[in-house]
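Colleague: Quick one, structure for this:
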Amino acid sequence: MIRRLDVRRTVTFSAIVLVAHLIGFATSLHALMGTRTAPGTVAWVVSLNAIPYLAVPAYLVFGRDQIEDYVQLRRERVSLLNRSLESHLVELAPFRSEWSESDPKLRALEQLAHIPFVDGNQAELLVDGKAIFASIFDGIDAAQDYLLVQFYILRDDKRGRELQQQLIRKAREGVRVYVLFDSIGSLDLSRSYISELIEAGVEVRSFLRHKSWIDRFQLNFRNHRKLVIADGKVGWIGGLNIGDEYESEGWRDAHARIEGPAVLNLQLSFLEDWRWVTEDLPAVSWQPHPVSDAGVPILIVPSGPADEFETASLMVQQFIHLAEERIWISSPYFVPDEGVVGALKLAALGGLDVRVLIPERSDSRLASLAAYRYMDALSAAGVRIFRYQPGLMHAKVFLIDDRGGAVSTVNMDNRSFRLNFELTALVADPTFAGQVERMFENDFASSREMVENEVADMPLWIRLASRAANLFAPAL
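Modeller: Okay, here's the model as predicted:
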């Protein structure tokens with residue numbers, strides 16, 4: 001009897017193992033066809049077949065490169081969203097910039113964005129929390145018709161409550177207020193914070209929406225965009241979230257305040273996200289408000305895992321290729337893909353002034369270790385790497401020659417390149433470029449420059465840890 005029981009247990013266990021490996025094999029085929037990076041594909045295929053009991057649940061949560069719902073939404077954009085806004089978007093036609101007409105590299109950026117450069121704008125660089133919060137809160141206070149507010153992180157702390165109370169006050173004044181936050185980034189946001197907004201008449205939604213049971217396990221796709229729009233006239237975009245730490249000593253960040261027709265393209269990005277969550281479109285203004293005839297061209301570049309191409313990575317590479325004299329980049333995380341690494345090397349080898357500014361101490365130990373892999377090779381090509389000393393460098397900014405600069409939510413890592421929904425504003429203006437240059441110069445003065453072969457001279461365990469950390473780069 002005992003022997004029969006043992007046999008049954010053995011058969012049952014073998015059947016479970018067989019089924020698990022069959023599921024793992026089937027899932028690995030999905031990874032083989034869908035995962036965008038070669039290292040990511042190899043890692044998933046091997047683990048799904050070797051240890052399916054652990055890897056299959058992990059793949060459901062972290063492995064897929066696309067959200068099927070969002071892919072479908074983006075493909076329907078022209079036929080549905082643009083059709084409903086067609087009569088409004090035509091009002092932007094007179095502001096279509098000619099700045100990109102003579103440069104195929106700029107036209108390629110427009111094709112990636114599915115949005116053209118538009119003229120008639122003004123942009124101001126805002127540096128650090130105090131200036132950024134003051135500008136945003138002043139803009140919210142001045143709004144008369146509606147407010148669109150989107151952040152990756154909303155905190156229920158002093159700054160978060162300040163924003164909440166200001167939005168509540170505006171809603172009670174009759175201003176229509178729409179708030180969108182990321183459900184993973186704002187995981188600690190209290191229910192009372194949200195309910196108080198709703199009770200005051202504020203429309204509040206979280207990203208993502210789960211339409212199928214399997215999507216409830218999908219945590220890998222995050223809406224990393226941060227923007228505020230007041231009445232379709234003024235917009236803010238950049239790296240700052242809402243929380244006390246973003247104004248703390250040593251925290252370095254950057255935002256851009258944009259005024260003019262380009263704000264309507266920021267608005268379009270918000271509406272795409274809002275409609276996917278709610279299937280509704282807020283009533284907003286599509287009347288362009290140019291600042292003057294001398295306004296500057298601005299390109300808004302939304303990017304995300306549902307794009308046909310790897311928009312964020314290609315955009316960064318194109319920023320580098322656009323440079324004729326210098327390209328300066330700041331990012332809190334530096335785990336770039338091979339395309340970006342190659343573009344940086346070629347620019348430096350060609351004699352350009354190529355600089356990368358990253359923090360000395362990051363809030364992600366894994367990302368910091370992974371970054372060491374690239375340092376010596378980039379330095380050998382002539383790329384200058386600066387480590388910011390006073391605190392966390394969180395700004396995501398690009399300086400391209402003296403012609404312009406970009407303020408972005410995009411980090412220099414795989415998550416921003418392929419997994420997150422991001423947003424970038426490219427400002428083609430020498431005055432704005434001057435503001436960005438001064439910010440960088442101040443940051444370089446507070447940084448140390450890495451020396452040649454610095455990583456090679458580090459202890460062996462750090463170099464081994466760096467290589468190991470890079471195995472997880474596709475998920476960072």
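Colleague: neighbours around Met439, how many?
Modeller: 23 (other CB atoms under 10 Å). C-beta here means a position set from N, CA and C on the backbone, and glycine is covered the same way.
Colleague: so where's the stretch 51-200 of the chain shaky on pLDDT?
Modeller: By pLDDT under 70, the weakly predicted segments of the stretch 51-200 of the chain are 51-88.
Colleague: Roughly how far does Pro336 sit from Pro94?
Modeller: According to CB to CB, to the nearest Å, Pro336 stands 38 Å off from Pro94.
Colleague: and these two? which has more neighbours close in?
Modeller: Neighbour tally, Pro336 and Pro94, criterion other CB under 10 Å: the higher count belongs to Pro336, 27 against 12.
Colleague: Would you check how far apart that one and Ile320 are?
Modeller: In terms of CB to CB, Pro336 sits 10 Å off from Ile320.
Colleague: hey, what's in contact with both of the two?
Modeller: Shared contacts of Pro336 and Ile320 (CB atoms under 8 Å, 6 or more residues apart in numbering): Leu344.
Colleague: Show me which strand runs longest in this structure.
Modeller: strand 118-127 (DSSP state E).
Colleague: How far does stretch 238-253 stretch from one end to the other?
Modeller: End-to-end distance for stretch 238-253: 8 Å, by CA to CA, to the nearest Å.
Colleague: what mean pLDDT does that stretch have?
Modeller: Across stretch 238-253, pLDDT averages out at 93.
Colleague: Okay, buried residues for it please.
Modeller: Residues of stretch 238-253 classed as buried: 238-243, 245-247, 251-253 (neighbour count, 16 or more other CB atoms under 10 Å).
Colleague: with the residues you listed in mind, which one is nearest to Gly232?
Modeller: Gly238 (19.0 Å; CB to CB).
Colleague: farthest pair in the buried residues of stretch 238-253?
Modeller: Ile242 and Arg252 (17.1 Å).
Colleague: Can you give me the distance of Ala343 to Leu423?
Modeller: For Ala343, the distance to Leu423 - CB to CB - is 21 Å.
Colleague: what do you get for Ser446?
Modeller: Per CB to CB, Ser446 is found 27 Å from Leu423.
Colleague: Looking at the two, which is more packed in?
Modeller: When neighbours are counted by other CB under 10 Å, Ser446 and Leu423 differ, and Leu423 comes out ahead with 27 against 14.
Colleague: Could I get the contacting residues of the more buried one?
Modeller: Neighbour list for Leu423: 225-227, 237, 266, 269, 300-303, 408-409 [criterion: CB under 8 Å, 6+ apart].
Colleague: before we move on, what SS does it have?
Modeller: strand (DSSP: H, G, I helix; E, B strand; the rest coil).
Colleague: Ignoring the adjacent residues along the chain, who's closest to it?
Modeller: Arg225 (4.4 Å; CB to CB, 6 or more residues apart in numbering).
Colleague: Help me confirm that Arg155 comes into contact with Ser190.
Modeller: No: using CB atoms under 8 Å, Arg155 is not in contact with Ser190, being 9.7 Å away.
Colleague: between these two, who's got more neighbours?
Modeller: It is Arg155, of Arg155 and Ser190, that has more neighbours when counted by other CB under 10 Å, with 21 against 13.
Colleague: about what we covered before: would you format the buried residues of stretch 238-253 as CSV with secondary structure and distance to Arg172 included?
Modeller: Formatted as CSV, the buried residues of stretch 238-253 follow (DSSP: H, G, I helix; E, B strand; the rest coil; distance: CB to CB, whole Å):
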residue, secondary structure, distance to Arg172
Gly238, strand, 28
Gly239, coil, 31
Leu240, coil, 26
Asn241, coil, 25
Ile242, strand, 20
Gly243, coil, 24
Glu245, helix, 29
Tyr246, helix, 27
Glu247, helix, 26
Trp251, coil, 32
Arg252, strand, 36
Asp253, coil, 30
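Colleague: Now those residues in a markdown table, please, with extra columns for distance to Val316.
Modeller: What follows is the buried residues of stretch 238-253, written out as a markdown table (distance: CB to CB, whole Å):
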| residue | distance to Val316 |
| --- | --- |
| Gly238 | 16 |
| Gly239 | 15 |
| Leu240 | 20 |
| Asn241 | 21 |
| Ile242 | 26 |
| Gly243 | 27 |
| Glu245 | 26 |
| Tyr246 | 24 |
| Glu247 | 28 |
| Trp251 | 23 |
| Arg252 | 20 |
| Asp253 | 19 |
